[in-house]
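> Sequence first, predicted model second:
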Amino acid sequence: MADVIFSSWQGEIIDNRGKSRESFSAPKVKLPGEFEKGLPVKAFMGWDGIILCDESVDIIDMSVKYAEAVQKESCGRCVPCRIGSKVILGTLKGIADGRGNKGDIEKIRNIAGSIKDGSKCQIGQTGFIPLLQALSFFGPEFDRSIAEGRKAKDGEYRISVTAPCMSVCPTQLDIPKYVEAISEGRFSESLATIRQNTCLAGTLGRVCVRPCESNCRRANIDEAVSIKSLKRFAADYEIEKNVKRDVEAKIDQKKKVAVIGAGPAGLSCAYYLAQMGYPVTVFEKLGEPGGMAAVGIPDYRLPRTVLGGEGSLVESFGVTMRYGVTLGKDITIDQIRKDFDAVFIGVGAHGSSPMGVEGEDMGYRGFIAGVKYLLDINNGKDPYPEGKKVVVVGGGNVAMDCVRSSFRIGKPDVHLVYRRTKKEMPADPVEIHEAEEEGVEFHYLCNPKRIIEKDGKVVGVECIRMELGEPDQSGRRRPVPVEGSEFVIETDILIPAIGQMVDFSFLDKKEDFSITKWNTFQVDQETFETNIPGIFSAGDCETGPDVLVRACGNGKRAAWKIDEYLKGEKPKARMSEKFVKFFGDVKVYDKNENVGFLGDRARLQLRPMAPEVRKWTFDEVEEGFRTDEAITEASRCLRCYRIGMIAVG
Amino acid sequence: MITLKIDGKEIKTEEGKTILEAARENNIYIPTLCYHENLLPIGSCRLCIVEIDGYEKPMTSCTTAAVEGISVTTRSEKLFGMRQEYLKFLLINHPLECPICDSAGECRLQDLVFEHKIECVDLAADREPKKAKPYATALIRYSEDRCVLCLRCVHACREVSGRRVLELAGSGIEAAMAPKVPEDCISCGECLFMCPVGALTEQESSLKSRKWQTKRQTTTCPHCGFGCSLDLDVYEDRFITKVVTSPSRLPNKGSLCVMGRFGYDFANHEAKLTAPAVKQGAETARSTLAEAVEATALALTKLDKEGKSIGFVVSPRATNEEAYMISQIAKKFSKSALGTAGYYHTGKVLETLRGMGIPYPYEYDAINKCDLVVVAGADLLGNNHLLANKVREAVKNNGTKVAVIDPSPTSLTRACDVWAKVAPGTDAPFFNSIASRLIADTKHDPDAQALDGFAGYAGASGKADALKSSGIDEKSLEKFYSLFAAASSVAVIFGTGISNNTESMEALLNLCLVKGVQKTGVVMPTALQSNAVGVLSVLSDVLSSEDILNRADGLFIYEDDPFHYLTGNGVDESLKKKAFVAVCDMFATDTSGYAQVVVPTGSFAQKEGSFVAEDGFMRKVVRAEGSSSPGFEFLRLLLDRLGGGLYRDETEASTVLFGKEILVKDENGRALLRSHGGQARFVLPGNGIAGKTVRPFTLVLRNVFFHHHLAGQGVYSKMMYLQNSAVAGDKLFISAEDAAALGVSDGGQLIIESDHGTAQQSATIKEGLGRGVLEFRMARSRKDILKLTDGYGKHIAVTVRKG
């Protein structure tokens, strides 16, 4: 961490100028000492203020460079920002060149004020906040420059644009841009924007856990924008209106890459590598793309046709897909290493975690792991036709998928057992709500203890009541069994859905790889390289079971590293990736900010089918936005782009 | 309704309105530059900012919802200062070209700068100098340095016109509007209409005038059946210098197509006939109007006395009043018959609607309430561009779904949810199968069962095997069916592609009855010409022009040229045989060469009277130049000479139309056609396929804007309308697959043979065109392709080989 000489970040004024280091007061928000190795963070200028860590930074030069960035990022869609920022830039440059005039400061202050108050989006609304602060807190520097005709000292900076929603997106979707395109009726452009950062627009538009929406500034004035559903709209529009994709495969590199697993990570990795010109072959055990998204997520949440279309999008960039090829059986990793110059492993986490209950390894009929249960259903099979009553154990999305799918294969009596309460459930609240609507019976605060069988068939499960004790590492209160509270739920089917793990059986020599203590591939967190040169890994097999969008983002980032590796360079984080981390530290979203606008426009929701109708069909639960709804919803976006600039030299 | 305060005044408005809309409804002025009522709010100019009590920051009233209980301030020192500042920003690089700018005097920037008392701009912002660049269409000049980047044009191009020509390019001070995809431009001029300043101006006007030098008159566009309102700027009572439109006037709300916006130049053309001519022996001599009346009356009376028949061919672009006068003239002869080119489409359509008891007229805005629009056999690019705009408006505002039924890509295929490429003339089995499935799935309107003919219809419709011949793919069929079955209200728009074949039209209308479209939605036939509906309603027992041409001994042709749409040889032979031919027209035409009497009629700008547009509502045609219409004057005097009485003027003729209840007034006082009423009934479906000949290709003829009968006469000086491939005319299109099978490359020669003739054309490959379909877009040169048809044909069975 660097010592802060001055900070006006988030309204907290720290002024250590002229003080001795020992008497410095420390701000709430701290900056990392280095942006990258050898590049110190000397100062930061952003949407909310200034943080100065090194007195050698010339505040006037920094102001000029920041104004330059604002003018460059100004999209041209509104008058104050487009022209006003250029007027300010011109005047500031005059001062920095030693040609400043006496009235300049007042002029800048006035213009900056009207840009801030009247611009269409946050580029203009926040673009001159640091400048106004510089004029307030560093006034004498400006006055002196003008009086003496002093030229400013040229510094070195790193600049990036972010937004509250973007800053938390694991695959860094340019959300304000694609949402704005929808609001203007430019639906294909919107999809093209999404596809710059992911090949899975339709998939993420349905099943993403949407960290962006929790960071949506619109929530400060009414409710978050339906970012996820808008993404789905853009993707569906292409299919519904039969829009021709403007894609041309351009494979012009010699070195070949193998991608193992056509899940979100593998598809993403292949998608970017192919766009960089590499011939990519994807080996997939299943007969279709999507991996866990295809076989783990039921059709009523994510129709397979959507994934199929996105798989074919990846193919259209020149990727070779080899479906139905199982690694370790049809082909070995050694063979692949021989045939390809680099390998990406994205096999996911398809194994089931054990529950630790009596009888679970006995192979009783009716005892089916959640992932396997969903796989069968997705393959059009009833996993256990003679079973009618179902008990699912777990509180995550897989558990929800298992209970809701059970209705859809005609099992009318469905129960869910979870050891904590509804509040602690990790599943998406929407999923929980919809499962309740469909009539799942929830048993909170109880845990299975023993499988009850008869003639090798499950007939019931003995559970014990739990109560919540002290919080554990995850911050959730730890459930503690209540002595003597055992009871039995009769059932034909018992489904553990308490977690997945990586199934390493595809490796002949697992010992060649470094494996973490969580039983995942050990990779360099910046480059996704495993301990074996040329083999990279990302997705659930590297992170452990995680959200889909993270696998997308990491698959993409791994592709960048593979490119560097194949070019003979040492893979390293891109500037954009460093900024992601940096913005995480300075916090792009402040949920307590008083935005100062009238909102009062409720967020539009998708229309769900009635629970009694939908629970018996695999048809999609919700209908996507109509054109008019999408435009209306998209127009709620406040386009909170912000510019961050770091002085490094 | 919600209540809010604006500038201390309590007002009420509907929920969902913006503050700006609420203010405007209540005559509270808020300055705007980028806002346009036809577009979604843009929010680029920031001039409509207002302050709301309790909220820290000013907000744009065009994008902020009016909310119950808020108190809004539209005028304050702060707001005035901000607006002034933004206007100053705009002036920094704005050239002081007002003296030479076409928009001077009606420029929003001029008004706003004046209003905000700006006297000088003491600011600077460096910008690259703007060089003159070509625009997407040569009809419009783009002066980039005058652009205020309000972005209305960019938005209008997509939202209203459904094109994607214009983009915002660059960023910061260098951001600019750019015609990025010029080949997509259809020269509709929507961008020109939207431009609040002089950045987009009409390029090719040979004659320009200042706003204060011209007289502005509102009238109706003469070019297609939609019936757009437009204003003509007339200089010195002689020249139209500009077409202007207003967003407040229905039905087009200021939008026009290329012909409406730019196609007025023919009215100024120097070749306009100025005096009548009468043939005496072999000599044609200039005559007075009285001499022409006398010569015509004598010749027609003579024929009548000889027991010969007299045929009248009336243009579907003539006014109701002209048509009425002609009908009265015809009555003066014992053997007379009336015909019009409007018969081929509108005539058949009206007959069928009446026969089946389907309500007509309809209202365009009824589309807005429908959740599905079916557009069958109507291009909506070559004519009725505005109807396509209406559909797009419904999609934008209500999320309406769109289904297109056409073998060829049309204006709406890019925005539709399903495009059923039904082979030309095979629509009947397609519609019948949809109908029988609706009945089988009990997704039909229950009331339909009570209608006459249902039992016979339900039994006979939808033979699955016949469906195969329509060439439609399973996926489109399924999609169409599911959309149609699910829709609660449907608008069915259909054009010549359907009316060309009676079975197709009846099958479509039967399907409408099965679904109950006539009750819950709207059945909307297009009309090609500005007064086709009016002429067909004013005249009774109307035949086709071809029938008249074939059977009459003497001909009276009013503003029509059969060479324009019938086979040349046939017309020539028939005209040569006539004992007498009188032609009334604005210009000399191919037909007027055969006439003994030629009388000038003047342009639409000289006319007074009315049209009935395709919606069945009357439109006023108001004289914008001169003091009388030479055509009406001739008809008036001729009728009087024949003993039919002397009508004072057009108004007297109009009054008669209302007296006879051809036109009536609705509860809002709007004039419209009297509804034919009656109970809806089914007709027994034909499931046969049109065309007896076994030829593998169907040639589809389409008119590209130039269905006006003067198109071939070279009187439209702005022929560069057709510069863009999107609307290119006089071209023969073929699908890529058929071209490959024939071994023809793009631009290669094709020999086309029909039962009636042979033609050679170079082929243009068109993406999306159905297999087995050739399309010819007729602009100027049509005679050659018309050789292939026997009479009037839109679909011609042909054989094709490489030339």
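Okay, I see it.
> quick one, what contacts B:Gly803?
If you count contacts by CB atoms under 8 Å, 6 or more residues apart in numbering or on different chains, B:Gly803 has them with B:Gly748, B:Gln749, B:Leu750, B:Ile751, B:Gln760. Glycine gets a C-beta too; all of them are placed from N, C-alpha and C.
> Give the ChimeraX command for selecting the buried subset of the residues you listed.
The following ChimeraX line selects those of these that are buried, judged by 16 or more other CB atoms under 10 Å in any protein chain shown:
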select /B:748,750
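> Give me the neighbour count for the residue in the stretch 401-550 of chain A positioned nearest to chain B.
The stretch 401-550 of chain A approaches chain B most closely through A:Arg408 (21.1 Å), counting by CB to the nearest CB. As a burial measure, A:Arg408 scores 18 neighbours (other CB atoms under 10 Å in any protein chain shown).
> Tell me if I'm right that it and A:Thr617 touch.
Yes - counting by CB atoms under 8 Å, A:Arg408 does reach A:Thr617; the two are 6.4 Å apart.
> shared neighbours, those two?
What both A:Arg408 and A:Thr617 touch, as defined by CB under 8 Å, 6+ apart, is the set A:Tyr300.
> Now whichever residue of the stretch 251-400 of chain B sits closest to chain A, what are its backbone angles?
The stretch 251-400 of chain B approaches chain A most closely through B:Gly399 (2.7 Å), counting by CB to the nearest CB. The phi and psi torsions at B:Gly399 (degrees, to the nearest 10) take the values phi 70, psi 20.
> mind checking which helix or strand the residue nearest to the residue of the stretch 401-550 of chain A closest to chain B when sequence neighbours are not counted is in?
Using CB to CB, 6 or more residues apart in numbering or on different chains and skipping the chain neighbours, the partner closest in space to A:Arg408 is A:Phe618 (5.4 Å). Following DSSP states H and E, there is no helix or strand that holds A:Phe618.
> All the helices of the stretch 551-700 of chain B, in order from the start?
Ranges of helices within the stretch 551-700 of chain B are B:568-577, B:630-641, B:650-659, based on DSSP state H, counting those that start in this stretch.
> Provide the backbone phi and psi angles at the residue lying closest to A:Glu437 once chain neighbours are set aside.
Leaving aside its sequence neighbours, A:Glu437 sits nearest to A:Pro611 (CB to CB, 6+ apart; 4.0 Å). As for A:Pro611, its main-chain torsions (degrees, to the nearest 10) stand at phi -50, psi -40.
> ok, longest helix in chain A?
Longest helix of chain A, by residue count under DSSP state H: helix A:548-566.
> near chain B, which residues of the stretch 51-200 of chain A?
For the stretch 51-200 of chain A, the residues in contact with chain B (CB under 8 Å from any CB of the partner chain) are A:71-80, A:82-87, A:90, A:110-111, A:114, A:117-120, A:183-186.
> Which entries within those meet the buried criterion?
A:71-80, A:82-87, A:90, A:111, A:114, A:117-120, A:183-186.
> Next, check these against the helices and list the overlap.
Judged by DSSP H, the subset of those located in helices is A:71-73, A:79, A:85-87, A:90, A:111, A:114, A:117-118, A:183.
> element containing B:Leu381?
B:Leu381 belongs to no helix or strand when elements are defined using DSSP H and E.
> Could you report the separation of it from B:Cys224?
Here B:Leu381 is placed at a distance of 11 Å from B:Cys224 (CB to CB, to the nearest Å).
> same deal with A:Gly410?
58 Å.
> So which of these two has more stuff around it?
Per other CB under 10 Å, whichever of A:Gly410 and B:Cys224 has more neighbours is B:Cys224, with 29 against 10.
> List the single closest residue to the more buried one in space, sequence neighbours excluded.
Spatially, and ignoring its direct neighbours in sequence, B:Cys224 is nearest to B:Asn383 (4.0 Å; CB to CB, 6+ apart).
> what's near enough to touch the one you found?
Counted by CB under 8 Å, 6+ apart, B:Asn383 has contacts B:His223, B:Cys224, B:Gly225, B:Phe226, B:Cys257, B:Thr526, B:Leu528, B:Asn703, B:Phe705, B:His707.
> ok but it is inside a strand, no?
No - if the criterion is DSSP: H, G, I helix; E, B strand; the rest coil, then B:Asn383 is coil and not within a strand.
> Now it: phi and psi?
phi -150, psi 170.
> Return the distance of the residue nearest the centre of chain A relative to chain B.
The geometric centre of chain A, computed from its C-alpha atoms, lies nearest to A:Pro170 (CA atoms, centre = their mean), at 2.8 Å. Distance, A:Pro170 to chain B, by CB to the nearest CB, to the nearest Å: 27 Å.
> and B:Val404, that's in a strand?
Yes - under three-state DSSP, B:Val404 falls within a strand.
> beta partners for B:Ile765?
B:Ile734 (DSSP bridges).
> was I right about it contacting B:Asp738?
No - counting by CB under 8 Å, B:Ile765 sits too far from B:Asp738 to count as a contact (9.0 Å).
> Name the residue in these two with the higher neighbour count.
Per other CB under 10 Å, whichever of B:Ile765 and B:Asp738 has more neighbours is B:Asp738, with 21 against 18.
> Now do the domain split for the chain, please.
In the absence of a named chain, chain A is used. As given by automatic domain parsing, the domain ranges for chain A are A:6-162+A:641-647, A:165-246+A:597-634, A:257-350+A:502-572, A:352-500.
> oops, I was thinking of chain B
Listed by automatic domain parsing, the domain ranges of chain B are B:2-75, B:277-341+B:532-673, B:346-525, B:697-802.
> quick one: the residue nearest to A:Arg186 when sequence neighbours are not counted from B:Leu381, how far?
Of all residues not flanking A:Arg186 in the chain, B:Arg158 sits nearest, at 6.8 Å (CB to CB, 6+ apart). If you measure B:Arg158 against B:Leu381 using CB to CB, the figure is 16 Å.
> Show me which residues of the stretch 301-450 of chain A are close to chain B?
Contacts of the stretch 301-450 of chain A with chain B, taken as CB under 8 Å from any CB, are absent.
> Done for today, thanks.
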